[in-house]
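Asker: Compute the structure for the input listed below.
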Amino acid sequence: MPFDKEFPRTARAVAGYGRQRGAGRSGWEAIMPAQNAALIRAMFSTLAALSDAGAILLAAIGSGTLYHMAFYEAAGMFESHVAIGFVALTLFVVPAAVRRDYDATNILSFKSQWPRAFALWNIAFLCMIILGFVTKTSAEASRGTILLFYVTGAVCLAVSRGTLARLVAHQAEFGGVAPRRVFLVGREEEVSRFSEQYEPWRQGMRIIARAILRGSDCLSDDLALASASARMLRPDDVFILAPWSETATIDACLNAFLRVPASIHLGPERVLDRFSKARLDRFGPILSLNLARKPLGPMDIALKRAMDIALSLVALTALALPLAVVAILIKLETPGPAFFLQRRYGFNQEPFRIIKFRSMSVMEDGPRLEQAKVGDARITRVGRVIRRLSIDELPQLFNVLLGDMSLVGPRPHALAHDRMFERDIALYARRHNVKPGITGWAQVSGFRGETDTTEKMRGRVEHDLHYIDNWSLSLDVKILFLTVFSSKARSNAR
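Answerer: From the prediction side, this is the model:
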């Protein structure tokens, strides 16, 4: 009698899940690689380490040879190039291996792992320079060679890691490489949702089996059979896929699978889909799930504020004459003030008055506001020009100096629009977790102009939240650069 007909439904699921993409071939065949999985992963980790070592050594030899050929018309001392390469690769590869950078699951995601690798490359390179200084061997290599080696080494590592990540991802998707052998247990809808939403085979997981729990009446029998199957299949990881509110089911699963020599994971709760950077925090004996971190720490706030003050002072000094000319033109064209003040929400939803050049014939600041549209009759001739060139935003440099705004951050909206979109868009209010900015990630990505629909605003909000969750001083510099030089930053200006 075939295996899947000899046992009840939970065992049939265990045997049959291997037929799905990325899951191996069958329950019985999944037993065979169990003893070899550790060896396969060890071989892969060795290959990954050798790949990095080869990239660094190649960069050392290549940069040394090229530099000497360019400036001295000779290849230089080959032994010296090799020695520099061996020192650098030792300082890089050994720490990378210790922190498990060469595990297949870590190699899979180039976007998340490359920043870590680049940071380690900088540390290793700095340690190499210090070591050369202390041992008085740094004079053997020219500064040009060292500088070229730093650049070529980073490039070679990026190419090596990127190529390896693509190779592993491709093989893992079709079962060729099985970094983690995973056993799923839970109700059918939860197991199916996990597979469809996360496509674990793309993350270096090989789902060798799944055990379907039929309900509370059959829970004990299902778990007894599931744990016996898991001991037979010997997975690396067991994922318990049950809503976190079902504590009785989770406790029963834990009691059953703690007997299995595998890592046990409580599967992702649906609320975590909204918080991609959730992590566990411990405060003494208190263990908590941190869903959203504070966007900027004290040092981050100080650095950002220092940059805001310095750059806004420089900009105001350099633009003093053009700003005065614009103010005069506005006064000459239509009666009224040159500047327009309107209430906006700032950090922590604290209201402030934003300063802009007046570009319309009206000065609206009430509970109901009409956004500017293409061909809006309220926009003056001077206003049309300064809005197109974003000159009307420049007086906000004074808001930056006053501390109401930052150079970079989510653009503040009129209070009436804030209240409207806060009702319709989830997490909209999180935009106020940092100071509003003159420019932002949404603006340089093309999300400018009229937000006459919730969908348009939702795209802007998604970019604003990405900025908040991924803030760095280098990102601020990048946004300022794109604001000046990218055509996207000026698109849709009205």
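
Asker: Excluding chain neighbours, what is closest to residue 159?
Answerer: residue 55 (7.1 Å; Cβ to Cβ, 6 or more residues apart in numbering). Yep, even glycine has a C-beta here, placed from its N, CA and C like the rest.

Asker: Moving C-terminal from the helix or strand harbouring the one you found, which element do we reach first?
Answerer: If you go by DSSP states H and E, residue 55 is part of helix 34-72. Under the assignment DSSP H and E, the closest C-terminal helix or strand after helix 34-72 is helix 78-98.

Asker: Check which helices and strands that following helix is in contact with.
Answerer: The contact analysis (3 or more Cβ pairs under 8 Å, 6 or more residues apart in numbering; DSSP states H and E) places helix 78-98 against helix 34-72, helix 110-134, helix 143-173.

Asker: what's the spacing between residue 186 and residue 348?
Answerer: Note on residue 186: its distance to residue 348, by Cβ to Cβ, to the nearest Å, is 41 Å.

Asker: Settle it for me: which of the two has more neighbours?
Answerer: The neighbour comparison of residue 186 against residue 348 (other Cβ atoms under 10 Å) goes to residue 186, with 24 against 9.

Asker: Just to check, the more buried one is in contact with residue 214?
Answerer: No. Using Cβ atoms under 8 Å, residue 186 is not in contact with residue 214; the gap is 11.1 Å.

Asker: picking that back up, packing partners of the helix holding residue 55?
Answerer: Going by 3+ Cβ pairs under 8 Å, 6+ apart, helix 34-72 lies up against helix 78-98, helix 104-108, helix 143-173.

Asker: among these, which is the most enclosed?
Answerer: Mean neighbour count (mean count of other Cβ atoms under 10 Å) peaks for helix 104-108 among the helices and strands packed on helix 34-72, with a mean of 21.

Asker: Now do the helices in the stretch 151-300 of the chain.
Answerer: Taking DSSP state H, counting those that start in this stretch, the helices of the stretch 151-300 of the chain run over residues 188-198, 219-233, 247-257, 298-318.

Asker: nearest to residue 412, of those helices?
Answerer: Among the helices of the stretch 151-300 of the chain, the nearest to residue 412 by Cβ to Cβ is helix 298-318 (15.1 Å).

Asker: Show me what the mean pLDDT comes to for the closest one.
Answerer: Summarised as a single mean, pLDDT over helix 298-318 is 92.

Asker: Can you tell me the element residue 354 falls in?
Answerer: Applying DSSP H and E, one finds residue 354 within strand 351-357.

Asker: Direction included, what does that strand pair up with?
Answerer: Using DSSP bridges, the strands paired with strand 351-357 are strand 339-345 (antiparallel).

Asker: now the strand it pairs with: how far from the chain's centre is it?
Answerer: Relative to its chain's centre, strand 339-345 lies at 34 Å (Cα atoms, centre = their mean, to the nearest Å).

Asker: So what's the model's average confidence on that strand?
Answerer: Mean pLDDT, computed over strand 339-345, is 89.

Asker: Could you list the residues in contact with that strand?
Answerer: With contacts defined as Cβ atoms under 8 Å, 6 or more residues apart in numbering, strand 339-345 is touched by 327, 351-360, 363-365, 395, 412-415, 418, 432, 436.

Asker: quick one on the thing from earlier: measure how buried the residue nearest to residue 159 is and give me the count.
Answerer: 25.

Asker: hang on, it packs against residue 163?
Answerer: No. In this structure, residue 55 is not within contact of residue 163 by Cβ under 8 Å, at 9.8 Å.

Asker: and the residue nearest to residue 426 when sequence neighbours are not counted, how many neighbours does it have?
Answerer: In this structure, residue 426 finds its nearest non-sequential neighbour in residue 274, 7.6 Å apart by Cβ to Cβ, 6+ apart. Residues lying near residue 274 (other Cβ under 10 Å) number 11.

Asker: Let me know whether residue 274 touches residue 462 as I believe.
Answerer: No. Here residue 274 does not reach residue 462: they are 11.9 Å apart, not a contact under Cβ under 8 Å.

Asker: on that earlier part again, quick one: the residue nearest to residue 426 and residue 292, what's the gap?
Answerer: For residue 274, the distance to residue 292 (Cβ to Cβ) stands at 9 Å.

Asker: Same check on residue 234?
Answerer: Distance, residue 234 to residue 292, by Cβ to Cβ: 38 Å.

Asker: the more surrounded of those two?
Answerer: Counting neighbours by other Cβ under 10 Å for residue 234 and for residue 292 shows that residue 234 has the greater number, 18 against 15.

Asker: Go ahead and confirm the more buried one touches residue 261.
Answerer: Yes. Shown here, residue 234 and residue 261 form a contact pair, counting by Cβ under 8 Å, at 7.3 Å.

Asker: what's the spatially closest residue to residue 67 that is not a sequence neighbour in contact with, if anything?
Answerer: Closest residue to residue 67 apart from its sequence neighbours, by Cβ to Cβ, 6+ apart: residue 145 at 4.7 Å. Counting by Cβ under 8 Å, 6+ apart, residue 145 makes contact with 63-64, 67-68, 76, 84.

Asker: Columns pLDDT and distance to residue 266 on top of the residues you listed, output as a markdown table?
Answerer: Putting the contacts of residue 145 into a markdown table (pLDDT from 0 to 100; distance: Cβ to Cβ, whole Å) gives the following:
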| residue | pLDDT | distance to residue 266 |
| --- | --- | --- |
| 63 | 86 | 48 |
| 64 | 82 | 52 |
| 67 | 79 | 54 |
| 68 | 73 | 58 |
| 76 | 60 | 57 |
| 84 | 86 | 48 |
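
Asker: out of these, who's nearest residue 230?
Answerer: Closest approach to residue 230 among these (Cβ to Cβ): residue 84, at 50.1 Å.

Asker: so who does the closest one touch?
Answerer: Residues near residue 84 by Cβ under 8 Å, 6+ apart: 60, 64, 128, 141, 145-146, 149.

Asker: May I have the host helix or strand of residue 458 as PDB, with CA atoms only?
Answerer: Using DSSP H and E, the element containing residue 458 is helix 454-469. Once non-C-alpha atoms are left out, helix 454-469 reads as follows in PDB (Å, rounded to 0.1, in the frame of the first residue of the first chain):
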ATOM      1  CA  THR A 454      -5.800  58.500  -1.800                       C
ATOM      2  CA  GLU A 455      -3.700  56.200  -4.000                       C
ATOM      3  CA  LYS A 456      -1.400  59.100  -5.000                       C
ATOM      4  CA  MET A 457      -1.000  60.000  -1.300                       C
ATOM      5  CA  ARG A 458      -0.400  56.300  -0.400                       C
ATOM      6  CA  GLY A 459       2.600  56.100  -2.700                       C
ATOM      7  CA  ARG A 460       4.000  59.300  -1.200                       C
ATOM      8  CA  VAL A 461       3.500  57.900   2.300                       C
ATOM      9  CA  GLU A 462       5.100  54.600   1.500                       C
ATOM     10  CA  HIS A 463       8.300  56.500   0.400                       C
ATOM     11  CA  ASP A 464       8.200  58.700   3.500                       C
ATOM     12  CA  LEU A 465       7.900  55.700   5.800                       C
ATOM     13  CA  HIS A 466      10.800  54.000   3.900                       C
ATOM     14  CA  TYR A 467      12.900  57.100   4.600                       C
ATOM     15  CA  ILE A 468      12.000  57.100   8.300                       C
ATOM     16  CA  ASP A 469      12.800  53.400   8.700                       C
END
